[in-house]
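J.: quick one: sequence and predicted model below, then my questions.
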Amino acid sequence: MSNPLHARHYADRAVQQTVEVVENVKLAVDTYRVRFRCPDMAQRIVPGQFLMLKLSDLTDPLIGRPLALYDTAASGAGAGDVDAVDVVYLVKGKLTSRLAGFRPGQRLDVWGPLGNGFAQQATDHLIMVAGGIGQTPFVALANEALGRRRYGDMTREVARAGRVTLCYGARRADLLAGIEDFERAGVDVKIATDDGSRGYHGLVTDLLKQTLDEAGEDRRIVCCGPEPMMEAVAGVAAGSGTACQVSLETPMACGIGICFTCVAKIRDIDGEWDYKRTCVDGPVFDAASIVW
Amino acid sequence: MPPSESSPADVDLSVQLGRLALPNPILVASGTFGYAREMEQLVDLDRLGGIIPKTITRLPRPGNAPWRTVEASSGLLNSIGLDNDGIDAFLEHHLPYLARLQSPLIVSIAGRSHDEFVAMAAKLAGFSGIDAVELNISCPNVSGGVDFGTDPELCGKLVAGVRGSCDLPILAKLTPNVTSIASIAEAAAAAGADALSLINTVLGMAVDWRQRRPLLGNVLGGLSGPAIKPIALRCVYQVSQAVDIPLVGIGGIATIDDVMEFLVAGASAVQIGTANYYDPAVSMKLLDQLPAAVASLEATRVASVVGSLQRADAPPAAPPASSAT
């Protein structure tokens, strides 16, 4: 039945469209949220999935960038229906530097939804661990787990969490973005900064350990951020016997499985690793399957 | 209405690459289209002039360590390293899907030795659903196979050996990273290649000076995308002057103007590569636009546009009848 060489999450529900920016607002230092109108994508995309975004009509920058679903919204153009997608990006290079200057009406090429999204597993306590810009996939997940919003098909089964904690680490306070979106969703937010400018002065993994100490037995971890931090979180999760999913941030060129850029070393059931494409086999993986 | 006016609806898109007949000249290049299944939702696979899946090798290869691609100005450097599961896994798990598609299937192979290439081609010849074989003798990211693309004698012997072991039409995909691509092309043509695919990527590099390290896991990589189009056009033109077999243009093709430039310069067909990454539906857009572009040259067949380049030192072409009025 299933083909052992086929990936699990091809772009079979993706659309490719040229869309217009609805708004592009600054959330923190070098951090923006761009909203674009794309009803087909807005109605299909689920937490943990991503999309590819490219600046239209340019060959420099040439390649699209993968960006996680932040949230969906009503643009106001579609009678109040959810018809727009929000993504949050950190200004890092050529594409994001230009995107930061985009105004409503300017055009983007987008294709998605892509990837697998977070696995649906009900839990008493969902613990989100984010580092750097890694908080972006978790707003929608929190909204869904706490029953505030639904994403994708209305028939889709959604796992609830009794409560959600976000352990969010950044280098400095002025890089923290979207905390109010988490608080509005009902998430208990714990902050760590490298320089102590807000919250706990130290590593986000320390916050995770504290949270685990206080948490009950029925708990799960989801994690996204820089690779060393995700590796450390995976270690804490394994040490405490807590199930953990990580969303990998590997560089991508296509997002749809055709270029084989975004590979990560993933263990199969025999313990042997093979390079798997993060875009069509992930980006969300069981932390225990990753060879760091 | 002037008698020479041609209608886009009447344009004959079919082209012939030696023994291989194609319904149209828009193909997708190996390594830039996965195994086609990935694109099922975004592309009407049955419309393509040909599909060339990712290159296969005799044994599985894990490929190179990340980073595997780095963006350059209007281009992309890659060192994927022929990550694939080997010919047997391809034949068992990918071929059944690919063989069901309407589009001609051209299987790209890379061997580490003459005998390995010949044996792989012979194996492919035993399976139905394969329309041609493309010899990847030009991948810059693996050791071994590229020698066949840089040495005319080895190249000629290889094409002749494959021709002797396999009755499928043969395309040889050449590298631009040589002093004279025409001399390699001549050797492949003389040995019986049905067509030549021009070009594979241009060897390049990217450096992070702050960390003092190369950005690609494999240090060097191949440059593709719009940045290399002039190099690819030059290669097609030079080779078209040297050999009489059909050519397939590859290198930065993303717009209908790019397609027409390659046809006029001497390519009978083109392969879309890196553009699939940043515009997944690009091949469909080009197919939609091609008939009108051909008709705008007063042509009724794609084949009649191929190699119609007028050199600046040649007498000017007669103005089209429709513009003379």
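T.: Looks like it arrived, so ask away.
J.: could you find the closest non-adjacent residue to residue B:30?
T.: residue B:108 (3.8 Å; CB to CB, 6 or more residues apart in numbering or on different chains). In this view, the C-beta of every residue, glycine as well, is placed from N, C-alpha and C.
J.: could you pull out the helices for chain A?
T.: A:39-44, A:94-99, A:138-145, A:179-185, A:204-214, A:227-239, A:278-281 (DSSP state H).
J.: between the ones you listed, which gets nearest to chain B?
T.: helix A:278-281 (6.7 Å; CB to the nearest CB).
J.: are the closest one and chain B in contact anywhere?
T.: Yes. Judged by CB under 8 Å from any CB of the partner chain, helix A:278-281 comes into contact with chain B at residue A:280.
J.: can you name the residues in contact with that helix?
T.: With contact meaning CB atoms under 8 Å, 6 or more residues apart in numbering or on different chains, helix A:278-281 is reached by A:7-11, A:66, A:114-116, A:248, A:250, A:252, A:254-257, A:262-264, A:266, B:38.
J.: repeat the analysis, applying 10 Å as the threshold.
T.: The contact list for helix A:278-281 (CB atoms under 10 Å, 6 or more residues apart in numbering or on different chains) reads A:6-11, A:50, A:52, A:66, A:114-116, A:247-264, A:266, A:274-275, A:284-285, A:289, B:34, B:37-38.
J.: buried subset of these?
T.: Buried by 16 or more other CB atoms under 10 Å in any protein chain shown: A:7, A:9-11, A:50, A:52, A:66, A:114-116, A:247-264, A:266, A:274-275, A:284-285, A:289, B:34, B:37-38, out of the contacts of helix A:278-281.
J.: flag every buried residue along the helix or strand hosting residue B:292.
T.: Residue B:292 is part of helix B:282-295, with elements assigned from DSSP states H and E. For helix B:282-295, burial by neighbour count (16+ other CB under 10 Å) applies to B:282-284, B:286-287, B:289-291, B:293-295.
J.: and stretch A:147-167, by the same measure?
T.: Under 16+ other CB under 10 Å, the buried positions of stretch A:147-167 are A:149, A:151-152, A:161, A:163-167.
J.: now do the same end-to-end measure for that stretch.
T.: 20 Å (CA to CA, to the nearest Å).
J.: that stretch and chain B, are they touching?
T.: No. Legend: contact between stretch A:147-167 and chain B by CB under 10 Å from any CB of the partner chain is lacking; minimum distance shown is 16.1 Å.
J.: before we move on, back to that, can you lay out the helices of chain A as TSV showing mean pLDDT?
T.: As requested, the helices of chain A are exported to TSV (pLDDT from 0 to 100):
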stretch	mean pLDDT
helix A:39-44	97
helix A:94-99	98
helix A:138-145	98
helix A:179-185	98
helix A:204-214	98
helix A:227-239	98
helix A:278-281	97
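J.: between the ones you listed, which one is closest to residue B:85.
T.: For residue B:85, the closest of the helices of chain A is helix A:278-281, at 13.9 Å, according to CB to CB.
J.: what's the distance between that closest one and the middle of its chain?
T.: 14 Å (CA atoms, centre = their mean, to the nearest Å).
J.: then that helix to PDB, C-alphas only?
T.: What follows is helix A:278-281, C-alpha atoms only, in PDB (Å, rounded to 0.1, in the frame of the first residue of the first chain):
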ATOM      1  CA  THR A 278      12.300  18.300   6.500                       C
ATOM      2  CA  CYS A 279       9.700  19.800   4.100                       C
ATOM      3  CA  VAL A 280       7.900  16.600   3.200                       C
ATOM      4  CA  ASP A 281       8.800  14.400   6.100                       C
END
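J.: returning to what we had before: in strands, which of the buried ones among the contacts of helix A:278-281 appear?
T.: Under the assignment DSSP state E, the buried ones among the contacts of helix A:278-281 contribute A:50, A:52, A:66, A:114, A:247, A:263-264, A:266, A:274-275, A:284-285 to strands.
J.: nearest residue to the residue sitting nearest the centre point of chain A other than its sequence neighbours?
T.: Taking CA atoms, centre = their mean, the centroid of chain A lies closest to residue A:137, which sits 2.5 Å from it. Counting by CB to CB, 6+ apart, the nearest residue to residue A:137 once its immediate chain neighbours are dropped is residue A:68, at 4.1 Å.
J.: who's in contact with the one you found?
T.: So residue A:68 contacts A:45, A:47-51, A:87-89, A:115, A:133-141, A:224, A:247, A:249, A:283 (CB under 10 Å, 6+ apart).
J.: pretty sure residue B:191 is touching residue B:243, no?
T.: No. Applying CB atoms under 10 Å, one finds residue B:191 not in contact with residue B:243, separated by 11.3 Å.
J.: what's the longest strand in chain A?
T.: strand A:15-28.
J.: about what we covered before: mind picking the two most distant members of the ones in strands among the buried ones among the contacts of helix A:278-281?
T.: The largest separation in these, counting by CB to CB, is between A:52 and A:274 at 24.1 Å.
J.: spell out which parts of the stretch 1-150 of chain A neighbour chain B.
T.: Residues of the stretch 1-150 of chain A lying close to chain B (CB under 10 Å from any CB) are A:3-7, A:10-17, A:52, A:54, A:56, A:58-65, A:93-95, A:109, A:111.
J.: ranges for the helices of chain B?
T.: B:87-89, B:95-100, B:114-125, B:147-150, B:152-165, B:181-190, B:229-242, B:256-265, B:275-278, B:282-295.
J.: just so I know, which of the ones you listed lies nearest chain A?
T.: Proximity to chain A (CB to the nearest CB) singles out helix B:275-278 among the helices of chain B, at 4.0 Å.
J.: quick one: low-confidence residue ranges for the chain.
T.: Answering for chain A, as no chain was given. The model of chain A has pLDDT under 70 over residues A:1, A:78.
J.: can you look at chain B instead?
T.: Within chain B, the ranges that satisfy pLDDT under 70 run B:1-5, B:143-146, B:315-325.
J.: hang on, the earlier thing: mark which of the buried residues of stretch A:147-167 are part of strands, please.
T.: When DSSP E defines the strands, the subset of those inside them is A:161, A:163-167.
J.: near residue 178, how many other residues are there?
T.: This is for chain A. Using other CB atoms under 10 Å in any protein chain shown, residue A:178 has 25 other residues around it.
J.: if you could check chain B rather than the one you did, that'd help
T.: Neighbours around residue B:178, by other CB under 10 Å: 19.
J.: leaving out chain neighbours, which residue sits closest to it?
T.: Nearest residue to residue B:178, sequence neighbours excluded (CB to CB, 6+ apart): residue B:150, at 5.2 Å.
J.: start to end distance for stretch A:90-107?
T.: One end of stretch A:90-107 to the other measures 19 Å (CA to CA).
J.: list the buried residues in that stretch.
T.: For stretch A:90-107, the neighbour count (16+ other CB under 10 Å) marks A:90-91, A:94-96, A:99-100, A:102, A:106 as buried.
J.: do the same with stretch A:33-44
T.: For stretch A:33-44, burial by neighbour count (16+ other CB under 10 Å) applies to A:33-39, A:41-44.
J.: same check, this time on stretch A:9-20
T.: By neighbour count on 16+ other CB under 10 Å, the buried set for stretch A:9-20 is A:9-11, A:13-17, A:19-20.
J.: that older thread, contacts only, for the residue nearest to residue B:178.
T.: Contact analysis of residue B:150 by CB under 10 Å, 6+ apart lists B:137-138, B:174-175, B:177-179, B:181, B:184.
J.: domain map for chain A?
T.: Here the domain parsing of chain A from automatic domain parsing is A:11-114, A:123-289.
J.: take these and write them to JSON lines, including distance to residue B:252.
T.: Converted to JSON lines, these look like this (distance: least, CB to CB, whole Å):
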{"stretch": "domain A:11-114", "distance to residue B:252": "9"}
{"stretch": "domain A:123-289", "distance to residue B:252": "15"}
